[in-house]
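1. turn this into a model:
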Amino acid sequence: MKTLKMKKKKTIDHNLFLLEKKLGLKFKDQDLLKQSLVHRSYLNEHPEFHLNHNERLEFLGDAVLELITTKFLYQNFDNPEGELTSFRASLVNTKNLSKVAQKINLAPYIYLSKGEKKSKGKAKEAILANTFEALIGAIYLDQGFKPAENFIQKNLLPQLEKIIEEKSYKDPKSKFQEITQEKLKITPVYKLIKESGPDHSKIFTVGVFLNNELIAQERGRSKHEAELKTARKALLKIKKL
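-> Next comes the predicted model:
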């Protein structure tokens, strides 16, 4: 009596298939896509996993991203070098990259440890931004420069219009000074109000004044940090005028 042998079906990672479909991509080497999604913490809990974490792909993706955004800005804007640098920095900073990663719903596909899955705030932002860069690195390796460029043009570069419109490429101090000079014809003055704590761990409290009127104050571990935080707080107030 003959025994029937069942053919083994080739397993397909359904999650990766869904992600490819969502992103409009088709990887030749699906392991590259998978590796771009592997956070270091996942391997601590799954040492038997067959792929490495995504940090090398992130390193590559960061360089590809900088080149493509620089090329786009050079070809489309005649602004001075300093402004182009600010545009690029606002496009590729952690906060903006994490927003784009959220927009394409990348989070559910990332391989994380149980602890990292609970991450919030800046930690979560960093994971999303780094994974987005790793994904760019994977696209570049798997498909080349042009598909990586198309992916960035489709998902990241549309953010530039809003960045320029809201002038978010400017640091808070520059933005606050521009608004106060335009609206009130006054230049803000930053003053150190207080220092506290031991020499190796000082906390600085800085206030910003308009015509000797205190508008806002904040603390920081350096005067520069305190000034930036103060300017952000002052911006919220001045925009209501």
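
2. show me how this structure divides into domains.
-> The chain breaks down into these domains under automatic domain parsing: 14-165, 172-238.

3. how about TSV for these, with mean pLDDT added?
-> Shown next, in TSV, are the domains of the chain (pLDDT from 0 to 100):
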stretch	mean pLDDT
domain 14-165	92
domain 172-238	90
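
4. possible to save these as TSV with mean neighbour count?
-> C-beta: built from backbone N, CA, C; applies to glycine. Below are those laid out as TSV (neighbours: other C-beta atoms under 10 Å):
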stretch	mean neighbour count
domain 14-165	17
domain 172-238	15
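
5. for the most centrally placed residue in the chain, which non-adjacent residue is spatially closest?
-> Nearest to the mean C-alpha position of the chain, counting by C-alpha atoms, centre = their mean, stands residue 94 at 2.3 Å. Spatial nearest neighbour of residue 94, chain neighbours left out: residue 129 (4.4 Å); criterion: C-beta to C-beta, 6 or more residues apart in numbering.

6. what sits against that neighbour?
-> With contacts defined as C-beta atoms under 8 Å, 6 or more residues apart in numbering, the neighbours of residue 129 are 94, 95, 97, 98, 101.

7. so the fourth one sits against residue 125, correct?
-> Yes - using C-beta atoms under 8 Å, residue 98 is in contact with residue 125, at 4.0 Å.

8. thinking again about what came up before, among the contacts of residue 129, which ones are in helices?
-> Counted as lying in helices by DSSP state H, out of the contacts of residue 129, are 94, 95, 97, 98, 101.

9. which secondary structure element is home to the closest residue to the second one other than its chain neighbours?
-> The spatial neighbour of residue 95 that comes closest, neighbours along the chain excluded (C-beta to C-beta, 6+ apart), is residue 125 at 6.1 Å. When elements are defined using DSSP states H and E, residue 125 is found to belong to helix 121-143.

10. tell me what angle the following helix or strand past that helix forms with helix 121-143.
-> Downstream of helix 121-143, the first helix or strand assigned by DSSP H and E is helix 145-155. Comparing the axes of helix 145-155 and helix 121-143 via axes from the mean of the first three to the mean of the last three C-alpha atoms, to 10 degrees yields an angle of 140 degrees.

11. please save the CA atoms from helix 145-155 in CSV.
-> What follows is helix 145-155, C-alpha atoms only, in CSV (Å, rounded to 0.1, in the frame of the first residue of the first chain):
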residue,chain,number,x,y,z
PHE,A,145,18.8,54.2,-5.8
LYS,A,146,15.8,55.2,-7.9
PRO,A,147,13.2,53.1,-6.0
ALA,A,148,14.7,54.5,-2.7
GLU,A,149,14.4,58.0,-4.1
ASN,A,150,10.8,57.4,-5.2
PHE,A,151,9.9,56.1,-1.7
ILE,A,152,11.3,59.2,-0.1
GLN,A,153,9.7,61.5,-2.6
LYS,A,154,6.3,59.9,-2.0
ASN,A,155,6.4,59.6,1.8
